[in-house]
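Engineer: sequence and predicted model, in that order:
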Amino acid sequence: MKKTKIQKNSVSSEVRLLQAAVQDTEDSVLITDANLDPPGPKIVFVNPGFSKMTGYTSEEVIGKSPRLMQGPNTDRKVLDRLKHCLENGEPFFGEAINYRKDGTEYFLEWHISPVRDAAGKITHFVSVQRDISERKRAEELHVQFQKQKARTAAIVETQEEERRRIAKELHDALGQMLVAAKFNIDILEDQLEATGETTRKLTSDVKNLLNQIMLEVRRISYNLMPSILEDFGLPPALNQLCEQLSKNENLRIQFVYSGMEKRLPGVVEIGLYRIAQEALNNIVKHAKAHEAIIQLIKDKKTVTLIVEDDGLGFNSDEAERGQHRRGMGLINMRERAESISALFSLNSQPGRGTEVIVQLKDNGR
Ligand SMILES: Nc1ncnc2c1ncn2[C@@H]1O[C@H](COP(=O)(O)OP(=O)(O)OP(=O)(O)O)[C@@H](O)[C@H]1O
Ligand SMILES: [Mg+2]
């Protein structure tokens, strides 16, 4: 008796109208009766969109429960909320994992509305479903990317902190000790005036050695963390880097900048400095260039760093994809840029020089 009643409901004029309306929509549409007693509502209609999404034909599902599509990874909490909504005659909206006929999972966005007859009694539920697996995958990838970016930034920050500490220790502790040693040797030298040639020569050698050590300690300390960068900011630090490198090489390095009246955030300054430093080191090591130019340009919205050379160039796609990869410089530059949320691009071709571009939106803030 009850069954006949459901059948009668299932072909009510409202439902027939609905079935006609959703026949050709892209979304998957499923209509059930409204029998909430166990085992729950039964499917009375599915459109072709449903078959396309799940792999079930309408003959295979009519008269069955929509639970057919649920499985171990379908969120119980969502199903409980769904049950609650249906029992209270409320519309339901949610997302969950469902299973196709072949057992594969898909992520589903799901809207269920009750259909009422003229007397206001619920006769059916209409469920519209959309496969959002692609969107979920993209969201998941985005989350992973953000996490990776945060991890890289944290590593870079720790590394810089460590460099700062070592540079300071080298400069303060070791540097001071060397100064003291040299001072003592100066005194010793005075006292040895009257002794033989060999002793005087030895003392003088030690003194020269100490002088060299002091210069070396200063150089290492500076490379670890250039004090000029911390004290005066990016343009003076880049300027000095260019001057140092053009001194030793047969290479003219120009540095131009604009809009840099205010300092950038500390991590951005260090990040851009390290990228320029690596790009310049690569020019010195590999490019055989006559000229290099560094540009640092800040406008209202962006900060751009460009390092170009007119040297040998190389196949940058291959180098970045890791074929014949020899060093860590290119990878480090890209990771540095990512850690300060900057866009990084490397353009190079054999015989056409190399260009490294780093661009920060919102001035790195
Ligand atoms: N400006 C450039 N001109 C010509 N070739 C370059 C330039 N920059 C990079 N390359 C090429 O790309 C390769 C990879 O550069 P990368 O900085 O990653 O490594 P590396 O400089 O060889 O070693 P590392 O930086 O680890 O000391 C270099 O070996 C070189 O062949
Ligand atoms: Mg390198």
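Structural biologist: Received the coordinates, thanks. Ligands and ions are numbered 1, 2, ... in the order given.
Engineer: and whatever residue of the stretch 151-300 of the chain ends up closest to ligand 2, how close does it get to residue 31?
Structural biologist: Ligand 2 sits closest to residue 282 of the stretch 151-300 of the chain, with a gap of 4.4 Å, by CB to the ion. To be clear about C-beta, it is placed using only N, CA and C from the backbone, and glycine gets the same treatment. Computed as CB to CB, to the nearest Å, the residue 282 to residue 31 distance reads 65 Å.
Engineer: next one: residue 139
Structural biologist: 30 Å.
Engineer: neighbour count: the two, which is higher?
Structural biologist: Taking neighbours as other CB atoms under 10 Å, residue 139 and residue 31 compare with residue 31 leading, 21 against 12.
Engineer: the more buried one - that's part of a strand, no?
Structural biologist: Yes - assessed with DSSP: H, G, I helix; E, B strand; the rest coil, residue 31 lies in a strand.
Engineer: thought it was touching residue 42?
Structural biologist: No - taking contacts as CB atoms under 8 Å, residue 31 lies outside contact range of residue 42: 10.2 Å.
Engineer: show me what the helix or strand containing residue 267 is packed up against.
Structural biologist: Taking DSSP states H and E as the criterion, the element that holds residue 267 is helix 266-282. Contacts defined by 3 or more CB pairs under 8 Å, 6 or more residues apart in numbering; DSSP states H and E place helix 266-282 against helix 133-169, helix 227-232, helix 234-248, strand 291-298, strand 302-309, helix 329-339, strand 354-361.
Engineer: pipe those into JSON lines and attach distance to residue 46 per row.
Structural biologist: Converted to JSON lines, those look like this (distance: least, CB to CB, whole Å):
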{"stretch": "helix 133-169", "distance to residue 46": "19"}
{"stretch": "helix 227-232", "distance to residue 46": "66"}
{"stretch": "helix 234-248", "distance to residue 46": "63"}
{"stretch": "strand 291-298", "distance to residue 46": "59"}
{"stretch": "strand 302-309", "distance to residue 46": "52"}
{"stretch": "helix 329-339", "distance to residue 46": "46"}
{"stretch": "strand 354-361", "distance to residue 46": "47"}
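Engineer: for this protein, what's the longest strand?
Structural biologist: Longest among the strand segments of the chain by residue count, using DSSP state E, is strand 105-116.
Engineer: once you drop chain neighbours, what's closest to residue 51?
Structural biologist: Computed as CB to CB, 6 or more residues apart in numbering, the closest residue to residue 51 that is not its neighbour in sequence is residue 57, at 5.7 Å.
Engineer: give me the neighbour count for that neighbour.
Structural biologist: Number of residues near residue 57 (other CB under 10 Å) recorded here: 13.
Engineer: touching, it and residue 47? I think so.
Structural biologist: No - using CB under 8 Å, residue 57 is not in contact with residue 47; the gap is 11.8 Å.
Engineer: so for the closest residue to ligand 2 within the stretch 201-350 of the chain, what's the pLDDT?
Structural biologist: Relative to ligand 2, the nearest point of the stretch 201-350 of the chain is residue 329 (2.6 Å; CB to the ion). pLDDT, residue 329: 87.
Engineer: got the contact list for residue 188?
Structural biologist: residue 203 (CB atoms under 8 Å, 6 or more residues apart in numbering).
Engineer: how about the contacts made by residue 241?
Structural biologist: Counting by CB under 8 Å, 6+ apart, residue 241 makes contact with 226, 273, 276-277, 280.
Engineer: with ligand 1 as the reference, measure out to the residue of the stretch 151-300 of the chain closest to ligand 2.
Structural biologist: 3 Å (CB to the nearest ligand atom, to the nearest Å).
Engineer: the closest residue to that residue other than its chain neighbours and ligand 1, how far apart?
Structural biologist: Nearest non-adjacent residue to residue 282, counting by CB to CB, 6+ apart: residue 329, 5.7 Å away. Distance from residue 329 to ligand 1, counting by CB to the nearest ligand atom: 2 Å.
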